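A.B. asks: starting from these lines, generate the structure:
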Amino acid sequence: MNALKAHEIRGTWAPLFLQIKEHSVIDFGFIDEEIAIIQNSGVSGVYAGTNSSEFFNLTFTEYCRLIERFASSCHRHGIAYQLGACHAHPYESLERVAVAADHAPAAIHLILPDWVEANRRGVLRFMKGCAKNSRGRGLILCNPPNAKIQLTPEDYLWLANEVPELVGISASGGDDNWYEAMQPVIEQITVLVPGQSMATGLSKGAHGSCSSIAGMNPCAAQSWNELTLRDQAAGLELEKRIQQFVRECINPLVTEHNYPLHACSKFMAVISGWCDGLHQRLRWPYSWVEDNHIEPIRARGKELIPEFFEHIK
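C.D. replies: So this is what the prediction gives:
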């Protein structure tokens with residue numbers, strides 16, 4: 001597909017989850033089933049090769065097979081797609097960017113090297129190297145809360161000016177002061193915010209989201225996006241209920257039960273039931289959220305955010 005420019009990357013983008021069978025075997029055939037459902041949801045597009053796809057736990061061979069199958073399925077179903085080339089190892093990121101570019105995505109997601117924190121010179125060298133390997137495909141820089149380097153609005157603006165291939169950033173968001181400082185960035189490149197604060201982000205000028213909330217239910221997330229653009233107050237009201245659900249039901253899985261974050265993202269997709277057959281199992285050695293949590297959290301979800309449990313397909 002054609003590479004998207006900054007002003008063209010908008011709206012809700014849903015993640016691909018890997019279907020993991022016993023003994024950590026990836027069910028590559030399930031990708032097409034998942035894409036078929038996401039395509040019918042009306043989201044702006046779908047992305048793979050990031051946290052939801054367990055990028056950190058794939059061999060290079062598995063990564064290549066994943067994005068080849070994913071890109072082929074997206075072409076077949078006529079849905080826009082972005083590819084993650086994320087890795088803590090900078091040389092591995094370079095290789096993944098080159099492979100991702102071969103599959104002509106709308107854009108390529110990156111994280112900064114994360115084993116050894118890079119200084120500004122190192123960050124710029126890394127971004128320019130990835131830009132060269134992207135061969136005309138735009139880059140989206142993801143800066144999750146657990147990254148060693150936490151970028152500021154000034155950092156984003158600097159990179160946008162120094163790296164023309166940078167078409168967007170996926171950031172953790174912030175308070176009113178953060179959004180005010182981000183305005184020059186928002187005017188220049190796409191700014192994507194976390195799904196659970198999507199309505200706030202849109203009200204402050206951000207352009208959309210790539211998130212686990214879209215993964216929880218792509219159809220409902222797209223409806224929420226449309227609601228927010230049509231009726232900001234209603235969108236913000238739903239956001240409050242989504243954040244209450246996350247605070248009450250999902251955060252304790254991390255803080256009290258010590259499940260990893262990607263386990264919780266996949267668990268949310270399973271409890272809504274939007275993708276028949278998807279299991280919360282993760283690849284070795286990580287623990288997934290056990291079955292005993294499903295029914296009580298699903299019940300509370302139906303009380304707080306019925307939109308995400310009734311609006312399935």
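A.B. asks: now do stretch 242-252: everything it contacts.
C.D. replies: The list of residues contacting stretch 242-252 from outside it, by Cβ atoms under 8 Å, 6 or more residues apart in numbering, reads 196, 197, 213, 264, 267, 268, 297, 300, 301, 304, 305, 308. Just so you know, the C-beta spots here come from the backbone N, C-alpha and C atoms, and that holds for glycine as well.
A.B. asks: just these now: which is nearest residue 173?
C.D. replies: Proximity to residue 173 was ranked across the contacts of stretch 242-252 by Cβ to Cβ; first place goes to residue 197, at 5.1 Å.
A.B. asks: quick one: distance of the longest helix that the chain contains to the chain centre.
C.D. replies: Scanning the chain for the helix with the most residues, using DSSP state H, yields helix 60-77. With Cα atoms, centre = their mean, to the nearest Å as the basis, helix 60-77 stands 17 Å off its chain's centre.
A.B. asks: extract the CA atoms of stretch 301-308 and return them as PDB.
C.D. replies: This file holds the C-alpha atoms of stretch 301-308, laid out as PDB (Å, rounded to 0.1, in the frame of the first residue of the first chain):
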ATOM      1  CA  GLY A 301     -17.000  -4.700  32.400                       C
ATOM      2  CA  LYS A 302     -20.600  -5.200  31.300                       C
ATOM      3  CA  GLU A 303     -21.700  -2.900  34.200                       C
ATOM      4  CA  LEU A 304     -19.200  -0.100  33.500                       C
ATOM      5  CA  ILE A 305     -18.700  -0.100  29.800                       C
ATOM      6  CA  PRO A 306     -21.400  -2.200  28.200                       C
ATOM      7  CA  GLU A 307     -20.500  -0.600  24.800                       C
ATOM      8  CA  PHE A 308     -17.400  -2.800  24.700                       C
END
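A.B. asks: pLDDT of that stretch, averaged?
C.D. replies: Per-residue pLDDT over stretch 301-308 has a mean of 96.
A.B. asks: what's in contact with that stretch?
C.D. replies: Taking contacts as Cβ under 8 Å, 6+ apart, the residues outside stretch 301-308 that touch it are 216-217, 220-221, 223-224, 238, 241-242, 244-245, 248-249, 271-272, 309-310.
A.B. asks: tell me which residues of that stretch come out buried.
C.D. replies: 301, 304, 305, 307, 308 (16 or more other Cβ atoms under 10 Å).
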